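K.L.:
Kindly generate the corresponding structure for this input.
(one chain, ligands or ions: 1)
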Amino acid sequence: MIKKSREKSVRLLTLEAAIRRVPPEHPKYHLIEKEHGKLHYGFIGEKALDYFLTFLPNKNTQLLHGLRIEDPLNRFFQMDTLLITPGYGLILDSKYVSGALEFDQTTNHLIRRRGEEREKFGDPLSQIERQKYQFTLWLDKHNFPPLPIGGQIVLTHSNATLINATPSLMKKVTFHTNLPNKLQAIDNQKFQPLLDNPTYKKLSKVLIKKHTPDEFSIFNHFGIHYHELRKGVFCPACAHLPMSQKHGGWICRNCGVYSKTAHLKDLMDYKLLVGNTITNKMIRDFFLLPSPNVASYLLSSMSLPAKGTHKGRKYLLDHFQYNPK
Ligand SMILES: [Zn+2]
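P.N.:
Purely as a prediction, here's the structure:
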């Protein structure tokens with residue numbers, strides 16, 4: 001059963017907003033694209049796991065996706081997928097990389113070979129060992145029994161092949177299509193249940209409570225300034241920027257579409273890129289509104305919580321979410 005569903009990370013959502021809002025000719029744009037590509041394909045890889053995770057051998061298994069928690073030494077770690085049963089835990093790390101892959105036996109690095117060319121994709125074997133260790137420390141700190149924790153690297157690209165797949169390596173690495181067999185083999189080891197039913201339920205509750213989403217600022221990370229962002233409301237139909245205000249809604253001068261709610265996605269861009277509070281002046285600037293009255297009307301139409309009065313009034317976006325499906 002899924003206890004925490006898979007969602008895009010704040011970092012990925014922020015980079016998506018940055019792709020829309022940073023002009024393509026900006027000298028840092030290619031770095032944003034590169035980082036976005038890495039996370040975007042990472043997310044595709046994680047999602048590729050989901051179908052195979054419906055073949056769980058133990059129907060009582062709890063699944064937690066994208067959990068980010070802090071070990072007792074204040075080091076955060078994020079697990080793509082965590083499986084918990086009353087007898088053991090298993091961390092899955094997905095790698096969405098195509099081509100002829102190899103785990104370098106001395107450095108542990110994941111390498112893609114193309115002729116003589118070698119491209120590195122991090123060190124997932126060491127990373128998963130670190131996560132196993134950190135999760136063990138976490139369980140101890142929160143007074144849970146010492147569950148044995150396993151780890152598996154799952155290659156999720158359908159065009160991935162593995163060179164030098166030794167039996168010892170294949171204990172730690174699998175292809176996503178083989179994941180059900182791997183999970184069955186692990187479950188067949190018949191671990192002694194260490195968690196009674198109330199403790200088992202409590203564990204996932206505490207994990208979800210302790211989940212801390214990553215924070216990410218493109219201003220700090222890439223050295224981009226607010227004034228460099230593209231302002232205005234995007235047309236939801238043709239992506240033209242900016243739409244114009246008309247009768248309390250938005251009209252696109254390019255394709256003629258009229259929308260009452262086009263600004264919600266842009267307010268989400270603002271939250272991800274700029275911050276969790278907005279004032280009348282800031283909304284005028286970001287949405288290119290013609291007057292304080294239009295800005296007031298728009299702000300009150302969204303019933304956002306606020307604090308302060310008059311010009312110092314700040315609207316709070318902490319709980320504002322916009323995820324069109
Ligand atoms: Zn349009």
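
K.L.:
Quick one: the strands in the stretch 201-325 of the chain, in order.
P.N.:
In the stretch 201-325 of the chain, the segments counted as strands under DSSP state E, counting those that start in this stretch are 244-246, 249-251, 258-259, 277-278, 306-307, 314-316.

K.L.:
What residues of stretch 152-170 count as buried?
P.N.:
Neighbour-count burial for stretch 152-170 flags Gln152, Ile153, Val154, Leu155, Thr156, His157, Ala160, Leu162 (criterion: 16 or more other C-beta atoms under 10 Å). From N, CA and C alone the C-beta is placed, and that goes for glycine too.

K.L.:
again but with stretch 13-21, I slipped
P.N.:
Within stretch 13-21, the residues that qualify as buried are Leu13, Thr14, Leu15, Glu16, Ala17, Ala18, Arg21, counting by 16+ other C-beta under 10 Å.

K.L.:
how long is stretch 227-244 from one end to the other?
P.N.:
Distance between the two ends of stretch 227-244: 20 Å, counting by C-alpha to C-alpha, to the nearest Å.

K.L.:
contacts for it?
P.N.:
Stretch 227-244 is contacted by residues 20-23, 26, 250-255, 257, 259, 262-263, 265-266, 273, 285-288 when judged by C-beta atoms under 8 Å, 6 or more residues apart in numbering.

K.L.:
Repeat the analysis, applying 6 Å as the threshold.
P.N.:
Stretch 227-244 is touched from outside by 21, 23, 250-252, 254-255, 257, 259, 262-263, 266, 286-288, with contacts defined as C-beta atoms under 6 Å, 6 or more residues apart in numbering.

K.L.:
still on that earlier bit, and the buried residues of stretch 152-170, which two are the farthest apart?
P.N.:
Farthest pair in the buried residues of stretch 152-170 (C-beta to C-beta) is Gln152 and His157. Separation: 15.8 Å.

K.L.:
Just to be sure, which of the buried residues of stretch 13-21 are found in helices?
P.N.:
Taking DSSP state H as the definition of helices, the buried residues of stretch 13-21 contribute Leu13, Thr14, Leu15, Glu16, Ala17, Ala18, Arg21.

K.L.:
got the residues you listed as TSV, with distance to the ion and pLDDT columns?
P.N.:
Below are those laid out as TSV (distance: C-beta to the ion, whole Å; pLDDT from 0 to 100):
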residue	distance to the ion	pLDDT
Leu13	23	95
Thr14	25	97
Leu15	24	97
Glu16	20	97
Ala17	19	97
Ala18	22	97
Arg21	17	97
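
K.L.:
Run the chain-centre distance for stretch 49-69.
P.N.:
17 Å (C-alpha atoms, centre = their mean, to the nearest Å).

K.L.:
what's the span of it from first residue to last?
P.N.:
End-to-end span of stretch 49-69 (C-alpha to C-alpha): 21 Å.

K.L.:
ok, residues contacting that stretch?
P.N.:
With C-beta under 6 Å, 6+ apart as the criterion, stretch 49-69 contacts 2-4, 6, 76, 78-79, 81-85, 94, 176, 179-180, 183-184, 187, 204, 207, 210-212.

K.L.:
can we see that at 7 Å?
P.N.:
Stretch 49-69 is contacted from outside by 1-7, 9, 76-85, 92, 94, 138, 154, 156, 176-177, 179-180, 183-184, 187, 204, 207, 210-214, using C-beta atoms under 7 Å, 6 or more residues apart in numbering.

K.L.:
ok, now stretch 126-138?
P.N.:
Applying C-beta under 7 Å, 6+ apart, the set of residues contacting stretch 126-138 is 69, 71-72, 75, 77, 79, 89, 91, 93, 108, 146, 149, 151, 153.

K.L.:
go with 10 Å
P.N.:
Outside stretch 126-138, the residues that touch it by C-beta atoms under 10 Å, 6 or more residues apart in numbering are 67, 69-73, 75-80, 82, 89-93, 107-109, 123, 144, 146-153, 172-173, 206-207, 210.

K.L.:
same deal with stretch 208-217?
P.N.:
Contacts of stretch 208-217 (C-beta under 10 Å, 6+ apart): 3-4, 7, 9-15, 18, 35, 64, 66-70, 76, 78, 138, 142, 224, 272-275.

K.L.:
Separate out the buried members of the residues you listed.
P.N.:
Listed as buried from these are 3-4, 9, 11-15, 18, 35, 64, 66-67, 69, 78, 138, 224, 272-274; burial here means 16+ other C-beta under 10 Å.

K.L.:
Mind putting the strands of the stretch 201-325 of the chain into CSV with distance to the ion?
P.N.:
Output for the strands of the stretch 201-325 of the chain, formatted as CSV (distance: least, C-beta to the ion, whole Å):
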stretch, distance to the ion
strand 244-246, 11
strand 249-251, 9
strand 258-259, 9
strand 277-278, 25
strand 306-307, 31
strand 314-316, 27
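
K.L.:
TSV for those strands, including mean pLDDT?
P.N.:
As requested, the strands of the stretch 201-325 of the chain are exported to TSV (pLDDT from 0 to 100):
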stretch	mean pLDDT
strand 244-246	91
strand 249-251	94
strand 258-259	96
strand 277-278	96
strand 306-307	93
strand 314-316	95
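
K.L.:
Make CSV from the ones you listed and add mean neighbour count to it.
P.N.:
CSV is the format used below for the strands of the stretch 201-325 of the chain (neighbours: other C-beta atoms under 10 Å):
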stretch, mean neighbour count
strand 244-246, 14
strand 249-251, 19
strand 258-259, 14
strand 277-278, 20
strand 306-307, 12
strand 314-316, 17
